[in-house]
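> Here is my input, please return the structure:
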Amino acid sequence: MMVLMKKNIVLMSLFFVSMTLNAQNETDPSKNAVQITSANNATKALASNPNANYSQEYETALKLKDELTNRKRTLSDSIKIWNKDLKRLQDNYASLVKSNKNLEEKIKQATLKGQKSESSELQKKKSQLLTEIDGYEKEKALLDKQLQEVDEKLNARNRQRDDLGKIKDNVSNQIIAENKDYLERPFSKMSLSELKQIKSKCQRYSTDSKVNAFVSKIDMVIKNKELYDKMVIVVNSAYNKTDVDRALASCNQVKGVNAIQKKEVAEVKGQLSSFYDGLLAFKQFINSLNEKRKFVNNYKWEFFETDREYIYSESNLGNRIETQLKRVPYLRKRFDEFMRAFKVAPNKHTNVETEILSQ
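All right, here's what the predicted structure looks like:
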């Protein structure tokens, strides 16, 4: 049994020498500690300042993250090997503990025998057993030290990962906070060029899931803005049935809007729906006015003030002009131009009259 135990001690000693050399080859402990402390201090300083502009620091942090990831991957491979070896050590250690108890029992028995026989041989055996136990304790202490070093390395990497995560959160939160209000504006207060600039800026941080989600929202707002702008062009242009029908259909394609934007789209939709009826009211007004003018050689504004009540009463025309014609930006603008020109020269037929009657 003594030969077997000594053989185990020799094997264990060789293993610990090998493991220690591997750990030393893996990294320079003093250099690694300095790098970890420096990185932790930098990342904590950034994470604690919510008002900082993190763009440049985040780029640096991403490079640090890549470096740490590679180093962690290398350490993880080593730790996998160490864990396997540690399992064997733990099994051996359990066996050593058991052997230690057996040896202590033998010492106890040998001591009792020595007290009775005072045999020098038994005293010698006791001394040998005590030496073996001391060796086991030293091996245990070395194993504990190596385990502590591995834990410290892993904890340092975890702290760096957590601090880097805080920096990423600060960067994404800052970018979103700087631009989210613009996406909530009325469509009439936005510009496509500004939306695309915001998207381009955010895409620089495509590795962040929060920013990626924000970019998706920007894409939706850009699509809505494009649809809205096309509808606005239609209600500010001469009447074209195909364009009006297409614009009305596109109203249902606008998605994910807030209350203000929804109200804007509803207003434009109402203008589109009123376009044709408003145009008919405008034409009726011009034709009725022309009927009054054609029998008078020198028609005056004072005559219109008398005729207006009759003209507006036909087919509820006065109400249609207010609720349908003037609701459409294009018709309202042309109607105002027509009335200004008519007031200056009541007998003159203007280009606006021709433009409206030709549609």
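> so is N298 in a helix, a strand, or just coil?
When classified by DSSP: H, G, I helix; E, B strand; the rest coil, N298 comes out as coil.
> A345 is in contact with that one, correct?
No - with contact defined as Cβ atoms under 8 Å, N298 does not reach A345; the gap is 11.0 Å. To be clear about C-beta, it is placed using only N, CA and C from the backbone, and glycine gets the same treatment.
> Quick one: neighbours of the closest residue to L192 other than its chain neighbours, just the number.
Nearest residue to L192, sequence neighbours excluded (Cβ to Cβ, 6 or more residues apart in numbering): K225, at 5.8 Å. Per other Cβ atoms under 10 Å, the neighbour tally for K225 reads 21.
> dump the residue contacts of K225.
K225 makes contact with 187, 190, 192, 195, according to Cβ atoms under 8 Å, 6 or more residues apart in numbering.
> Tell me how far the third one lies from E105.
Going back to what we said before, that points to L192. Distance, L192 to E105, using Cβ to Cβ, to the nearest Å: 88 Å.
> I figured E184 hits N258, correct?
Yes - here E184 reaches N258: they are 5.7 Å apart, a contact under Cβ under 8 Å.
> Name the residues of the host helix or strand of T242 that are buried.
Taking DSSP states H and E as the criterion, T242 maps to helix 241-250. Applying a neighbour-count criterion of 16 or more other Cβ atoms under 10 Å, the buried positions in helix 241-250 are 243-244, 247-248, 250.
> can I get the residues you listed in JSON lines with distance to T207 and pLDDT?
Listed next are the buried residues of helix 241-250 as JSON lines, based on distance: Cβ to Cβ, whole Å; pLDDT from 0 to 100:
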{"residue": "D243", "distance to T207": "43", "pLDDT": "98"}
{"residue": "V244", "distance to T207": "45", "pLDDT": "98"}
{"residue": "A247", "distance to T207": "40", "pLDDT": "98"}
{"residue": "L248", "distance to T207": "42", "pLDDT": "97"}
{"residue": "S250", "distance to T207": "35", "pLDDT": "96"}
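> among the contacts of K225, which are in helices?
192, 195 (DSSP state H).
> related to what we said a few turns ago, N298 and A345: which has the busier surroundings?
Remark: of N298 and A345, A345 carries more neighbours, 11 against 8, as counted by other Cβ under 10 Å.
> Near A94, how many residues? Count them for me, please.
Using other Cβ under 10 Å, A94 has 10 neighbouring residues.
> Start from the N-terminal end of the stretch 101-250 of the chain and give the strands.
Remark: no strands are assigned in the stretch 101-250 of the chain by DSSP state E, counting those that start in this stretch.
> residue ranges with poor pLDDT in it?
For the stretch 101-250 of the chain, applying pLDDT under 70 flags the ranges 103, 110-119, 122, 126, 136, 147, 149-171.
> for the helix holding T242, packing partners?
Contacts defined by 3 or more Cβ pairs under 8 Å, 6 or more residues apart in numbering; DSSP states H and E place helix 241-250 against helix 209-235, helix 259-293.
> mind putting the ones you listed in TSV, distance to M339 included?
Shown next, in TSV, are these (distance: least, Cβ to Cβ, whole Å):
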stretch	distance to M339
helix 209-235	20
helix 259-293	10
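> so which of those comes closest to Y330?
Between Y330 and those, the shortest separation by Cβ to Cβ is 6.1 Å, and it involves helix 209-235.
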